[in-house]
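>>> Structure for this input, please:
(one chain, ligands or ions: 2)
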Amino acid sequence: MIILGSTGSIGVNALDVCERFGIGIELLAAGSNVALLNSQIKKFNPKFVCLFDSSKANEIESCGAEVFVSNDGLLEALSKTSGKKVLNAIVGFAGLSATLESIRLGKEVALANKESLVAAGKFIDPSKIIPVDSEHFALWYLNKGGSISKMVITASGGALRDAPLSMIYASTVSDVLKHPNWTMGRKITVDSATMVNKLFEIIEAYWLFGDSLKYDAIIETSSTIHAMIEFRDGVTTAQMSEPDMRLPISYAINGEAVPNLFRPVDILGLGSLEFRTIDAARYPAWRLKEELLAYPSSALVLNAANEIGVEAFLDERIAFGRVAEIIFESYDKYSSLEPKSIDDVFLIDSEVRGYARALIKT
Ligand code: NAD
Ligand code: MG
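Ligands and ions are numbered 1, 2, ... in the order given. Have a look, this model is predicted:
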């Protein structure tokens, strides 16, 4: 197995799943957490390792693995692997080139890096992708083809779902990182609080399941129901399971759940479920949903502006509420640009980032 982003929340869960299935590791790649990468190397004994942050290359304890650094190094390491499946759990647009290269090398991609599809879905063959996202796993699980009219994914509502509306704009980093149901990386936790994560997932579903269906999202506060499918005959089915990413990861890696790891949902323990509509007063970015579905390639602009905004918020350079404003200002300027090639995707991404950075400076 090839694990990219091995030191992150998904990466660590993926290694746990591989260990439980007894699946060996061929390549481990991480961003900059060399201490955790070193302990993973010791434990899983990969043939190849890669660290994005080349300034820490001399700290890698390779234990005989061939060492690569930087993104070019990652692409080279991928080309040396023989495994047919890659789990891409790198965060952000930085994961796109590894998705593209893995597909070009004839590999299947278990894709946690949803930003790949958000930014470049038009140029990615969905038959090469197995999504590692709880909602898309749920949709896949429920999908029996035929008479589907609508796919509905659920949101937890994120850390600010119960905050007074007047407090949201100025929420602090620690407020925003307190996710009610999931433990995840920092960026996706912020994306949950802004509801941008759900916009991403709607676009992800669009590229995976096609343009003939309707897509929507609602809040289900316990994150027990992950998605629902509405059929034309009036039946709605729902997928329920504990919020544990190892379930979708298990299926993506090995086509089945790890035996004896997952328990059925304790329905009586839950008592009841609470559903809410996604309110644009609380989640301003949600206003982009219909336009994104009408022009899915424009999600590239959303993604780039969001990445710059979230980074600045996490560095405490801008207020939380400014993230959505930066998205809107960038989207208004660039959303009509239609990428005609994958090179255009990289060009537009970099143009939007420059614009969003300038917005932050002023
Ligand atoms: P995280 O921040 O915990 O981990 C990110 C990983 O990527 C780390 O290993 C980091 O070292 C690595 N990384 C960062 N930049 C890199 C680069 N340039 N090159 C190589 N490696 C790099 O994030 P996460 O929560 O694990 O999320 C990873 C991806 O999975 C994101 O796209 C996220 O949206 C998606 N996802 C996460 C969850 C979840 O439960 N955490 C659920 C669904 C989807
Ligand atoms: Mg998800």
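>>> With Lys122 as the reference, measure out to Phe68.
Going from Phe68 to Lys122 by CB to CB, to the nearest Å gives 30 Å. To be clear about C-beta, it is placed using only N, CA and C from the backbone, and glycine gets the same treatment.
>>> I meant to write Ser223 there.
In terms of CB to CB, Ser223 sits 30 Å off from Lys122.
>>> Neighbour count: these two, which is higher?
Using other CB atoms under 10 Å as the criterion, Ser223 and Lys122 rank with Ser223 on top: 21 against 18.
>>> Can you name the residues in contact with stretch 102-116?
When contacts are defined by CB atoms under 8 Å, 6 or more residues apart in numbering, stretch 102-116 is touched by residues 2, 4-5, 10, 78-79, 83-93, 95-96, 98-100, 117, 124-125, 128-133, 200-201, 204, 249, 252-253, 303, 307.
>>> Please repeat the previous calculation with a cut-off of 6 Å.
Contact with stretch 102-116 is made by 10, 84-90, 92-93, 95-96, 99, 128-133, 200, 204, 252, 303, as judged by CB atoms under 6 Å, 6 or more residues apart in numbering.
>>> Kindly report the same for stretch 12-30.
1-4, 6-7, 37, 40, 44, 46-51, 74, 77, 81, 83, 87, 245-246, 249-250, 253-254, 258.
>>> Where does the stretch 151-300 of the chain get nearest to ligand 2, which residue?
Glu201 (5.4 Å; CB to the ion).
>>> Now do the helix ranked longest in the chain: which elements does it pack against?
Longest helix in the chain, counting residues (DSSP state H): helix 342-361. Taking 3 or more CB pairs under 6 Å, 6 or more residues apart in numbering; DSSP states H and E as contact, the helices and strands that helix 342-361 lies on are helix 299-314, helix 320-334.
>>> could you check the angle helix 299-314 makes with that helix?
Computed by axes from the mean of the first three to the mean of the last three CA atoms, to 10 degrees, the angle separating helix 342-361 from helix 299-314 equals 40 degrees.
>>> what comes up buried for helix 342-361?
342, 344-346, 348-349, 351-353, 355-356, 359-360 (16 or more other CB atoms under 10 Å).
>>> Need the CA coordinates for it. PDB is fine.
Extracted in PDB, the C-alpha atoms of helix 342-361 (Å, rounded to 0.1, in the frame of the first residue of the first chain):
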ATOM      1  CA  ILE A 342      -5.000  20.700 -16.400                       C
ATOM      2  CA  ASP A 343      -2.300  23.400 -16.900                       C
ATOM      3  CA  ASP A 344      -5.100  26.000 -16.800                       C
ATOM      4  CA  VAL A 345      -6.100  24.600 -13.400                       C
ATOM      5  CA  PHE A 346      -2.600  25.300 -12.000                       C
ATOM      6  CA  LEU A 347      -2.500  28.700 -13.600                       C
ATOM      7  CA  ILE A 348      -5.900  29.800 -12.300                       C
ATOM      8  CA  ASP A 349      -5.200  28.400  -8.900                       C
ATOM      9  CA  SER A 350      -2.000  30.400  -8.600                       C
ATOM     10  CA  GLU A 351      -3.700  33.600  -9.900                       C
ATOM     11  CA  VAL A 352      -6.600  33.300  -7.400                       C
ATOM     12  CA  ARG A 353      -4.100  32.700  -4.600                       C
ATOM     13  CA  GLY A 354      -2.200  35.800  -5.500                       C
ATOM     14  CA  TYR A 355      -5.400  37.800  -5.500                       C
ATOM     15  CA  ALA A 356      -6.600  36.400  -2.200                       C
ATOM     16  CA  ARG A 357      -3.200  37.100  -0.500                       C
ATOM     17  CA  ALA A 358      -3.400  40.700  -1.700                       C
ATOM     18  CA  LEU A 359      -6.900  41.000  -0.200                       C
ATOM     19  CA  ILE A 360      -5.500  39.800   3.100                       C
ATOM     20  CA  LYS A 361      -2.700  42.400   3.100                       C
END
